[in-house]
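I'll drop the sequence and a predicted model, then ask my questions.
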Amino acid sequence: QVHLAESGGGLVQPGGSLRLSCADSTSGRAFSNHAMGWFRQAPGKDREFVAAISWVSSTYYSDSVKGRFTISRDNDQNTVSLQMNSLKPEDTAVYYCAGARTYYSGSGADDYDYWGQGTQVTVSS
């Protein structure tokens with residue numbers, strides 16, 4: 001049974017920081033052997049790629065967040081995190097954690113097989 005649970009969303013002022021976490025408790029899945037990613041979806045827009053991390057912790061970011069966001073994983077805790085700094089109003093969206101069945105994964109939503117329910121991030125003064 002697939003279970004990805006995001007936490008850490010909320011309201012933050014422009015320039016502020018938030019840290020999102022995603023706990024993977026999917027049964028029968030070796031978390032450490034699979035790539036994970038973060039996506040986001042703003043109202044009226046398509047879901048877009050934010051960041052990905054491979055099983056060996058190589059990382060990949062969208063141009064819009066590169067240098068501001070950092071994805072990391074803790075294989076002992078089966079969690080993946082997204083540290084978001086220098087937040088902008090345009091970062092406002094529902095953020096989704098995604099899991100792949102492969103060691104590496106890309107920036108397309110179709111590259112991922114498991115999804116969390118999402119957590120709201122609002123950047124506003």
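Noted; the coordinates are in hand.

residue ranges for the strands of this protein, please.
4-7, 10-12, 18-24, 36-41, 48-53, 59-61, 69-74, 79-84, 93-99, 114-115, 119-123 (DSSP state E).

if we compare those strands, which one ends up closest to Ser107?
Among the strands of the chain, the nearest to Ser107 by C-beta to C-beta is strand 48-53 (3.9 Å). No exception for glycine: its C-beta is placed from N, CA and C like everyone else's.

By mean pLDDT, flag the weakest helix or strand of the protein.
Each helix and strand of the chain was given a mean pLDDT (mean pLDDT, DSSP states H and E); the minimum falls on strand 114-115 at a mean of 92.

Now for Leu87: which residues touch it?
Counting by C-beta atoms under 8 Å, 6 or more residues apart in numbering, Leu87 touches 12, 14-18, 68, 121, 123.

can you check Leu20 too?
Going by C-beta under 8 Å, 6+ apart, Leu20 touches 6-9, 38, 81-82, 84, 95, 97, 119, 121.

how about Thr102, phi and psi?
phi -110, psi 160 (degrees, to the nearest 10).

show me the contacts for it.
Under the criterion of C-beta under 8 Å, 6+ apart, the neighbours of Thr102 are 34-35, 111.

what does Asn78 give?
23-25, 31.
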